[in-house]
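Novice: here are the coordinates; sequence isn't available:
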Ligand code: GTB
């Protein structure tokens, strides 16, 4: 059984582990499942061979024994279903961990992405200055709610799960904004996730891809 992930040949995040293969790599490391990577360029992502794996021409995609999957959340869930370290067996705890995967992607991620993408790519737009405070207010509302739910616990469901993995993966995108400094419990939560050996291995693996790509092109 070989698992193959398609990932950026040269990640635009320069190896900071912000592209969406990071959560999948982390899940595979937590599950103890080895994997290989296929490096794809931006051009190759739009070619039929990759579109057959990922219909929107993006990374990541996942292949295993004839199964081809896309969407990082679906891939993490697929991996987690085989890993008690990521999804508890107890039915209620399991359903709640799955709810946190969905919450990370459908409730938390949209305001995170809107805010960070605008700050990165839309600063020159005439509406930027007027719109960004509104995006920040929306984002802070979600961060405040998440902070209240986490409270002083280590993890969202008592013990670490794929729900935490996905939530922390989304929160990491706020790293360069400094916003998490206003939510010390969330900042500590992210740090706890990043301190996990599986996270460290996943981070090192994606950084090595970027470092090699720089060496090859430099
Ligand atoms: N919903 C999909 C999933 O979760 O799998 C979204 C996949 C996705 O957005 N993939 C992006 C992609 O392939 C890379 S991760 N983009 C190329 C394209 O659409 O042509 C998003 C990303 C990119 C860069 C940074 N960064 O530089 O910090 C962070 C996140």
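Specialist: Everything's here; your move. The model shown is predicted, which means the values in this text are computed figures rather than measured ones.
Novice: ok, now which ones touch residue 37?
Specialist: 4, 5, 6, 7, 21, 205, 209 (CB atoms under 8 Å, 6 or more residues apart in numbering). In short, each C-beta sits where N, CA and C put it, glycine included.
Novice: in ChimeraX, how would I select the buried members of those?
Specialist: The ChimeraX selection below is limited to those of these classed as buried (16 or more other CB atoms under 10 Å):
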select :5,6,7,21,205,209
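Novice: taking the contacts of residue 37 one by one, which sit in helices?
Specialist: Counted as lying in helices by DSSP state H, out of the contacts of residue 37, are 21, 205, 209.
Novice: please report how far the first one lies from the ligand.
Specialist: Residue 21 is 7 Å from the ligand, where distance means CB to the nearest ligand atom, to the nearest Å.
Novice: repeat for the last one
Specialist: Distance of residue 209 to the ligand, computed by CB to the nearest ligand atom: 13 Å.
Novice: tell me the pLDDT of that residue.
Specialist: Turning to residue 209, the model gives it a pLDDT of 96.
Novice: who are the contact partners of residue 102?
Specialist: residue 73.
Novice: return the member of the contacts of residue 37 nearest to the ligand.
Specialist: Distances from the ligand to the contacts of residue 37, taken as CB to the nearest ligand atom, are shortest for residue 21 (7.5 Å).
Novice: ranges for the strands of this protein?
Specialist: 3-8, 36-40, 61-64, 67-70 (DSSP state E).
Novice: reformat those strands as CSV; add mean pLDDT and distance to the ligand.
Specialist: Putting these into CSV (pLDDT from 0 to 100; distance: least, CB to the nearest ligand atom, whole Å) gives the following:
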stretch, mean pLDDT, distance to the ligand
strand 3-8, 98, 7
strand 36-40, 98, 9
strand 61-64, 98, 8
strand 67-70, 98, 6
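Novice: neighbours of residue 191, how many?
Specialist: Neighbourhood size, residue 191 [other CB atoms under 10 Å]: 11.
Novice: check contacts around it.
Specialist: Contacts of residue 191 (CB under 8 Å, 6+ apart): none.
Novice: what separates it from residue 172, distance-wise?
Specialist: Plainly put, residue 191 is 10 Å away from residue 172 if you go by CB to CB, to the nearest Å.
Novice: what's the answer for residue 101, then?
Specialist: 16 Å.
Novice: who has more neighbours, the two?
Specialist: Counting neighbours by other CB under 10 Å for residue 101 and for residue 172 shows that residue 101 has the greater number, 24 against 21.
Novice: now the longest helix that the chain contains: buried residues?
Specialist: Using DSSP H to define each element, the chain has its longest helix at helix 128-150. Buried residues in helix 128-150, counted by 16+ other CB under 10 Å: 132, 135, 136, 139, 140, 142, 143, 146, 147, 150.
Novice: need the worst-confidence member of those residues.
Specialist: Minimum pLDDT across these falls on residue 132, with 93.
Novice: what bits of the protein have low per-residue confidence?
Specialist: Low-confidence segments of the chain, defined by pLDDT under 70: none present.
Novice: so which residues on it come close to the ligand?
Specialist: 12-13, 18-20, 45, 57-60, 71-73 (CB under 6 Å from any ligand atom).
Novice: which of those are buried?
Specialist: 18, 19, 20, 45, 58, 59, 60, 71, 72, 73.
Novice: farthest residue from the center of the chain?
Specialist: residue 126 (30.7 Å; CA atoms, centre = their mean).
Novice: name the residues that touch stretch 47-64?
Specialist: Residues outside stretch 47-64 that contact it (CB under 8 Å, 6+ apart) are 1-8, 19-21, 24, 40, 44-46, 68-70, 72, 75, 78.
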